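Engineer: next come a sequence and a model predicted from it.
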Amino acid sequence: MHNENWNDLRYVLAVGRAGSLNAAARDLGVNHATVLRRIRAFEERCKRQIFHKTQSGYILDSNINDILDVIQDMEESAARIKRILASEATELSGLVRLTSTDSICQYVLPDIIRDLQVEHPGIQIELNATNQRLNMFLPEADLTIRPTLDEPKDLRARKAGVMRFEIFATKAFWGENLGSSFEELRWLGVSKALSQSPVGVWMDENLPLGTIKFRADSFLVLRSLAINGNGACILPSFLVREGDPLVRNPKMDLTLKTNVWVAGHEDLERNPHITTCARFLTAALSKVMAE
């Protein structure tokens with residue numbers, strides 16, 4: 001077998017993870033044909049079939065299941081090499097790949113990033129908005145801003161305040177539901193990535209399933225539906241501002257809380273522009289979350 005470089009092996013890893021060529025192509029940012037060509041070329045060099053095509057997708061040959069673990073170890077090692085080399089930078093400039101939830105990206109970070117780049121014009125930001133938890137040991141982000149109660153494990157984490165959640169709906173909705181209890185309201189709930197958030201946990205523990213008429217994995221989606229009068233929802237407090245169509249119901253006092261963390265790889269702590277960005281974000285978020 002020829003010596004394989006990482007660029008070849010990452011196609012095998014992507015298909016093995018995703019289980020389909022199309023999903024792997026989306027993850028890699030290439031087209032379906034490119035993934036198929038690279039997989040076939042790899043199999044030809046190995047002189048054996050690596051994947052079996054089934055109705056449910058591409059399945060790795062059961063005799064070589066361990067190959068994905070080995071390739072993933074290579075991916076993590078390659079990412080760490082890049083981080084260590086990047087940490088030797090001395091100038092306060094460079095790209096910072098930042099990820100956070102869609103709500104924080106749209107409602108909190110624009111002003112903070114503007115102020116950061118005014119103070120440090122050499123820093124560029126690449127922002128990935130997602131509510132999915134990312135594996136910080138892979139080269140998906142340098143820093144993540146995550147609302148979670150416990151400090152992220154195996155990362156250099158800085159606490160950046162407390163996120164509060166409250167119940168919101170339109171004035172018309174509250175008027176139509178005077179005297180209703182929590183269990184009698186029409187609710188808009190969370191799903192998937194947000195199911196373990198304080199909102200998801202509270203709803204599962206306190207609301208009958210029949211009262212949750214709609215679910216989404218985005219607080220921004222729930223906000224839009226609530227504005228249209230579809231029901232009541234629990235949102236991060238920063239999503240509702242003065243003059244907003246949504247209001248709190250003073251008779252339904254509920255506040256949920258979780259911590260907000262700015263976290264990144266330990267290997268990057270010596271990297272000036274990433275460390276500066278982490279400290280700036282932590283200080284700025286602490287002010288926003290304290291409001």
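Structural biologist: Received, thanks.
Engineer: who's the residue nearest to residue 58 when sequence neighbours are not counted bridged to?
Structural biologist: Distances taken as Cβ to Cβ, 6 or more residues apart in numbering place residue 51 nearest to residue 58, at 4.4 Å, with adjacent residues excluded. From N, CA and C alone the C-beta is placed, and that goes for glycine too. Bridge pairing for residue 51 (DSSP bridges) gives the partners residue 60.
Engineer: give me the buried positions along stretch 255-263.
Structural biologist: By neighbour count with 16 or more other Cβ atoms under 10 Å, stretch 255-263 contains the buried residues 256, 258-263.
Engineer: out of the residues you listed, who's nearest residue 235?
Structural biologist: Distance to residue 235 across the buried residues of stretch 255-263 (Cβ to Cβ) is lowest for residue 256, with 10.3 Å.
Engineer: so what's the closest one up against?
Structural biologist: Residues near residue 256 by Cβ atoms under 8 Å, 6 or more residues apart in numbering: 164-166, 198-199, 202, 234.
Engineer: give me that answer again for 6 Å
Structural biologist: Contacts for residue 256 (Cβ atoms under 6 Å, 6 or more residues apart in numbering) come out as 165, 198, 202.
Engineer: okay, those residues in JSON lines with secondary structure next?
Structural biologist: Compiled in JSON lines, those are given as follows (DSSP: H, G, I helix; E, B strand; the rest coil):
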{"residue": "165", "secondary structure": "strand"}
{"residue": "198", "secondary structure": "helix"}
{"residue": "202", "secondary structure": "helix"}
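Engineer: so which of those residues is surrounded by the most neighbours?
Structural biologist: Neighbour counts for the contacts of residue 256 (other Cβ atoms under 10 Å) peak at residue 165, which has 22 neighbours.
Engineer: can you tell me which of the contacts of residue 256 is nearest residue 148?
Structural biologist: For the contacts of residue 256, the nearest to residue 148 is residue 198 (9.7 Å; Cβ to Cβ).
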